[in-house]
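[1] return a 3D structure for these sequence lines:
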Amino acid sequence: MSGSLPRRLPFTTVPAASHPEAIVGTTVTGSPLALTARRPVVPAERLVAEMVPPPRFAGVSFGSYLPDATQPSQAEAVTVLEQFAAQLTSPAPAKRAGWFRKAPKAPAGPAGVYLDGGYGVGKTHLLASLWHAAPGPKAFGTFVELTNLVGALGFQQAVQTLSGHRLLCIDEFELDDPGDTVLVSTLLSRLVEAGVKLAATSNTLPEKLGEGRFAATDFLREIQGLSAHFRSVRIDGQDYRHRGLPAAPPPYSDEDVAKRAADAPGASLDDFGDLLDHLSVVHPSRYGALLDDVHAVFLRGVCQVTDQSTALRLVVLADRMYDRELPITASGIPFDQVFPEEMLRGGYRKKYLRAVSRLVALARDSAR
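    Below is the predicted model:
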């Protein structure tokens, strides 16, 4: 990939219950489309080409990051990442010319940098700034997007596709699923062997923020053999626990949702339960394409999600909607009640807390 954001590649949307040749077009005012009518077919090259920072971080840089003067670790993190970016811009060593000539040494410095900190301290901003500062080819994606890419391409194809990159940035590295962690750890090991540099972030859980380097220790233990390749950088600052969950705006009535959808260009309108059912038949790597040409999302009958698999699919959809800054207008219950308390205390609580925060933020955007 080049250093600039790529042109979005085309895809085909196939209505869920119609002939494969039928195409779902863009919506117009008065005629909102239904996400449940879409079955996006995404070519592999689009999945890779779209591994770039989300639109809200498309123009960030180290210079646009404003460190908190009371938190020295923030300025220190910028310095470390600027040095890491400079390492990436060094010319690649020439290949050896003969049988008896020694291979040139690999560039000095760690193979990876790990940004450890709480919610809202600017880790994604810094990770995206590193991506923008580095030469291509390079890739940027969340941990979930990376696992979805492996699922869509297959492990060997994913290794082959990413091995030619100078840099792979992984946002929100998650340790709550041992299978996914081992899968990605193995992938990263292969990429390090191929000379790919790595950068990753992970959120410290709110209740663990007082325990210093908990997340960094957890991360380095889980990736085992890769731990020696990473330099861990702590970023302190005001965190998610201090802010608390933002209050969700009150939901609309079903009638208001339908009326507002009819008046909004680029709107989608779905019943919440039907949309959750539809997500089960669409690969998560295609949730972004599901939202192509959509400018606002309207949902009727938001209800509490108690099934773990369904909830995790909703988390991925929430991430894709947040990346695209799509306001959500909804009826039913407020989004801060969409996951039961036992889920928010369980093993996937980081995912659910993030999803609640993002869904509420998008609902607040709609209310404004």
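
[2] residue 56 and residue 324: what is the separation?
    As judged by Cβ to Cβ, to the nearest Å, residue 56 and residue 324 stand 9 Å apart. Quick note: C-beta positions are derived from backbone N, CA and C, even for glycine.

[3] apologies, that question was intended for residue 167.
    24 Å.

[4] with neighbour numbers in mind, choose between these two.
    Each of residue 167 and residue 324 has its neighbours counted (other Cβ atoms under 10 Å); residue 167 has more, 22 against 17.

[5] can you verify my assumption that the more buried one contacts residue 132?
    No. Taking contacts as Cβ atoms under 8 Å, residue 167 lies outside contact range of residue 132: 10.7 Å.

[6] can you give me phi and psi for the residue nearest to residue 237 when sequence neighbours are not counted?
    Distances taken as Cβ to Cβ, 6 or more residues apart in numbering put residue 121 closest to residue 237, at 3.8 Å, once the chain neighbours are dropped. Reported as degrees, to the nearest 10, the phi and psi values for residue 121 are phi -100, psi 0.

[7] what about the strands in the stretch 101-250 of the chain?
    112-117, 138-142, 167-171, 197-203, 230-235 (DSSP state E, counting those that start in this stretch).

[8] want to throw those into JSON lines with distance to residue 126 and mean pLDDT?
    Compiled in JSON lines, these are given as follows (distance: least, Cβ to Cβ, whole Å; pLDDT from 0 to 100):
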{"stretch": "strand 112-117", "distance to residue 126": "6", "mean pLDDT": "88"}
{"stretch": "strand 138-142", "distance to residue 126": "12", "mean pLDDT": "93"}
{"stretch": "strand 167-171", "distance to residue 126": "10", "mean pLDDT": "94"}
{"stretch": "strand 197-203", "distance to residue 126": "8", "mean pLDDT": "87"}
{"stretch": "strand 230-235", "distance to residue 126": "8", "mean pLDDT": "85"}
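
[9] any chance of those in JSON lines, plus distance to residue 331?
    Below are the strands of the stretch 101-250 of the chain laid out as JSON lines (distance: least, Cβ to Cβ, whole Å):
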{"stretch": "strand 112-117", "distance to residue 331": "37"}
{"stretch": "strand 138-142", "distance to residue 331": "29"}
{"stretch": "strand 167-171", "distance to residue 331": "32"}
{"stretch": "strand 197-203", "distance to residue 331": "31"}
{"stretch": "strand 230-235", "distance to residue 331": "39"}
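
[10] ranking the ones you listed by burial, who's on top?
    Comparing the strands of the stretch 101-250 of the chain by mean neighbour count (mean count of other Cβ atoms under 10 Å), strand 112-117 ranks first with a mean of 26.
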